[in-house]
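Peer 1: build the 3D model from these lines:
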Amino acid sequence: MLRSFVVSLTSPAAILYLRAIVSPVRETAPTPKQVPRESYPPAVWDGTTEVLEDVVGVKSRYCRFLDTQDWARWSALFLPDATLQMGPSQEAIVHGRDEIEALLRSQLRKASTLHQVRDPELREEGLGRVRIIWRMKDRVETPLYLLEGAGFYDDVYVQTPEGWRIESLRLHRTKVAFTPKSFVMKSVLNAHRNGLLRYLSPSADRTLGEALHVGLRPGQRP
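Peer 2: Down below sits the predicted model:
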């Protein structure tokens, strides 16, 4: 019976659903610095304070549109060729705004969520390009599980004629409280913990391992 449950969770839809719970990892960013106004044309760069205020607005809308599932306005915050990474492996990277929207629509279709960010740390990456580390907390509840997590977003923003847009976003979790709400999810979680899932379905085992991954290795961001 457990094997049938595991097989059902290795379908493409189930694997995408499991990847809603992930833990990115990055290296520690240097201390933000003030950039002189004269270093950049005023239309592109107005100084760290003004840029930070603009990007805070983008991230605030990111959280609000995500929690209200306003997908059209949420996806418009990304560049067309943006990347999203919500797991420690290269396989967790999603390429393209349309693919990012499709993934989150699928993952959160029956979910209620709450995303909160604070303490932005800005680092200039060049003309009209900044990287910001945000401290974050979130709560995701679906028919299968309840997840409450904390960690960091590692974002890169690029200035466009329409305003600042997200070029890349990576989520790293430092804490995850994961509570299964169904017999199927409890069975799969137990199989992962005791090593059985690795033999029954390596792909499902890898996906769940990424979902529950927390912690930083030496030299990793943020």
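
Peer 1: buried set for stretch 199-211?
Peer 2: For stretch 199-211, a neighbour-count test (16 or more other Cβ atoms under 10 Å) marks Leu200, Ser201, Ala204, Asp205, Arg206, Thr207, Leu208, Gly209, Glu210, Ala211 as buried. No exception for glycine: its C-beta is placed from N, CA and C like everyone else's.

Peer 1: report pLDDT for the third one.
Peer 2: Listed pLDDT for Ala204 reads 79.

Peer 1: coming back round to it: using JSON lines, lay out the buried residues of stretch 199-211 together with distance to Arg123 and secondary structure.
Peer 2: Formatted as JSON lines, the buried residues of stretch 199-211 follow (distance: Cβ to Cβ, whole Å; DSSP: H, G, I helix; E, B strand; the rest coil):
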{"residue": "Leu200", "distance to Arg123": "44", "secondary structure": "helix"}
{"residue": "Ser201", "distance to Arg123": "40", "secondary structure": "coil"}
{"residue": "Ala204", "distance to Arg123": "37", "secondary structure": "helix"}
{"residue": "Asp205", "distance to Arg123": "36", "secondary structure": "helix"}
{"residue": "Arg206", "distance to Arg123": "32", "secondary structure": "helix"}
{"residue": "Thr207", "distance to Arg123": "31", "secondary structure": "helix"}
{"residue": "Leu208", "distance to Arg123": "33", "secondary structure": "helix"}
{"residue": "Gly209", "distance to Arg123": "30", "secondary structure": "helix"}
{"residue": "Glu210", "distance to Arg123": "26", "secondary structure": "helix"}
{"residue": "Ala211", "distance to Arg123": "28", "secondary structure": "helix"}
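
Peer 1: from those residues, pick the one nearest Thr160.
Peer 2: Set against Thr160, the nearest of the buried residues of stretch 199-211 by Cβ to Cβ is Glu210 (31.5 Å).

Peer 1: from Arg118, how far out is Gly57?
Peer 2: Per Cβ to Cβ, to the nearest Å, Gly57 is found 14 Å from Arg118.

Peer 1: more neighbours, the two?
Peer 2: The neighbour comparison of Gly57 against Arg118 (other Cβ atoms under 10 Å) goes to Gly57, with 12 against 9.

Peer 1: and the contacts of the helix or strand harbouring the more buried one?
Peer 2: For Gly57, the element it lies in under DSSP states H and E is helix 48-67. With Cβ atoms under 8 Å, 6 or more residues apart in numbering as the test, helix 48-67 has contacts from 32-35, 45, 70-71, 73-74, 77, 104, 108, 113-117, 120, 122, 124, 130, 132, 134, 153, 155, 157, 163-166.

Peer 1: now, these that are in helices?
Peer 2: Per DSSP state H, helices hold the following members of the contacts of helix 48-67: Trp71, Arg73, Trp74, Leu104.

Peer 1: between these, which is nearest Arg193?
Peer 2: Nearest member of the ones in helices among the contacts of helix 48-67 to Arg193, counting by Cβ to Cβ, is Leu104, at 27.3 Å.

Peer 1: next up, the contacts around the closest one.
Peer 2: Listed by Cβ under 8 Å, 6+ apart, the contact set of Leu104 reads Leu66, Trp71, Trp74.

Peer 1: ok, the first one to Thr49 distance?
Peer 2: Spelled out, that is Leu66. For Leu66, the distance to Thr49 equals 26 Å [Cβ to Cβ].

Peer 1: secondary structure element holding the residue nearest in space to the middle of the chain?
Peer 2: Central residue of the chain (Cα atoms, centre = their mean): Leu171, 3.7 Å from the mean position. Using DSSP H and E, Leu171 falls within strand 163-180.
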